[in-house]
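Asker: let me see the structure of the following:
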Amino acid sequence: MTHRPISSVDALMCLLAGCAGVWDSPDRSGDPVDILDHGLQVAALLAASRPDDEETQAAGLVHDIGHHLVPGDEAGHGTHAATAVEGLLGPRVARLVALHIPAKRYLAATEPGLALSPESARTLGCQGGAMSPAEAAAFRGRPGLRGGTRAAPRRRRRKGRRPAGTAPGELAAGPGARRREPRSGGVRRMLMCSWWDCGGVPL
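Answerer: Numbering: from 1, shown residues only. Have a look, this model is predicted:
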């Protein structure tokens, strides 16, 4: 099943609001960050690192909404999200969203010391695991995705703890907000996807 397209900005804002308190694991057994918090954190870090690239920031905000659209589909959540936003946010945003799972698999294959949370490591298996050497070579060689391995030094590292409902440097947490750990690797994967999508232009 692939989710129907989101028809308007208002509909997207309602969907994002509905992601508050919704985890990527339906039983909330995964990372202790809900989908909205995670998207806000990734988008804010991308805004700091790529302030002129609003499409990458938008992709960071919506890249995990597929978990809410089709709960429990780890392998397909990127495709569900990409299909849902393409008509509204454009083909490049959709491409970046769809690529974030293959990028995770690529990083797992090419960076042996890649830091993943326990939940992200578990879901990697559901998403096909680390790419084989042949898959990684094919991913690097995809048309329009040039020079992939040079992206690694420029990807942002995880930045400490952030309050729930807060994006670093952008949003203020309300009174009593709980502190949550941003999920590992989300910004790095989105930056790598964006870098490839731009044809190898350094970040």
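Asker: and the pLDDT at Met48?
Answerer: Small correction: residue 48 is Ala, not Met. Ala48 is assigned 90 on the pLDDT scale.
Asker: please disregard the earlier target; I meant Ser29.
Answerer: On the pLDDT scale, Ser29 gets 67.
Asker: next: the one 10 residues further on.
Answerer: We have a pLDDT of 91 for Gly39.
Asker: distance check, it against Ile65.
Answerer: 7 Å (CB to CB, to the nearest Å). The way it works is simple: take the backbone N, C-alpha and C, and place the C-beta from them, glycine included.
Asker: go on, Gly90?
Answerer: Distance from Gly90 to Ile65, counting by CB to CB: 16 Å.
Asker: when the two are compared, which one has more neighbours?
Answerer: Between Gly90 and Ile65, counted using other CB atoms under 10 Å, the more crowded position is Ile65 (27 against 13).
Asker: in this protein, which spans are strands?
Answerer: 162-163, 179-180 (DSSP state E).
Asker: overlap of the contact sets of Gly39 and Ile65?
Answerer: Common contact partners of Gly39 and Ile65 (CB atoms under 8 Å, 6 or more residues apart in numbering): Leu16, Cys19.
Asker: before we move on, back to that, which stretch in the strands of the chain is the model least sure about?
Answerer: Minimum mean pLDDT among the strands of the chain: strand 179-180, a mean of 40.
Asker: the residue nearest to Gly90 when sequence neighbours are not counted: neighbour count?
Answerer: Closest residue in space to Gly90, ignoring its immediate chain neighbours: Glu55 at 6.8 Å, by CB to CB, 6 or more residues apart in numbering. Neighbours of Glu55 under the rule other CB under 10 Å: 18.
Asker: can you check Glu54 too?
Answerer: The burial count for Glu54: 14, using other CB under 10 Å.
Asker: distance of it from Pro32?
Answerer: 29 Å.
Asker: also Ala109?
Answerer: 27 Å.
Asker: just Ala138 next, same as before
Answerer: On the measure of CB to CB, Ala138 and Pro32 end up 35 Å apart.
Asker: more neighbours: which of the two?
Answerer: A direct count of neighbours by other CB under 10 Å for Ala138 and Pro32 places Pro32 higher, at 16 against 11.
Asker: and the longest helix anywhere in the chain, C-alpha only, in PDB?
Answerer: The helix spanning the most residues in the chain, taking DSSP state H as the definition, is helix 91-110. Taking C-alpha atoms only, helix 91-110 is exported to PDB below (Å, rounded to 0.1, in the frame of the first residue of the first chain):
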ATOM      1  CA  PRO A  91      10.100  15.800  -7.100                       C
ATOM      2  CA  ARG A  92      13.400  16.700  -5.500                       C
ATOM      3  CA  VAL A  93      12.000  16.700  -2.000                       C
ATOM      4  CA  ALA A  94      10.300  13.400  -2.700                       C
ATOM      5  CA  ARG A  95      13.600  11.900  -4.100                       C
ATOM      6  CA  LEU A  96      15.500  13.000  -1.000                       C
ATOM      7  CA  VAL A  97      12.800  11.500   1.200                       C
ATOM      8  CA  ALA A  98      12.800   8.200  -0.700                       C
ATOM      9  CA  LEU A  99      16.600   8.000  -0.600                       C
ATOM     10  CA  HIS A 100      17.100   8.300   3.100                       C
ATOM     11  CA  ILE A 101      16.600   4.500   3.700                       C
ATOM     12  CA  PRO A 102      19.000   3.400   0.900                       C
ATOM     13  CA  ALA A 103      21.500   6.000   2.300                       C
ATOM     14  CA  LYS A 104      21.300   4.500   5.700                       C
ATOM     15  CA  ARG A 105      22.000   1.100   4.200                       C
ATOM     16  CA  TYR A 106      24.900   2.600   2.200                       C
ATOM     17  CA  LEU A 107      26.400   4.200   5.300                       C
ATOM     18  CA  ALA A 108      26.100   1.000   7.300                       C
ATOM     19  CA  ALA A 109      28.100  -0.700   4.600                       C
ATOM     20  CA  THR A 110      30.800   1.900   4.000                       C
END
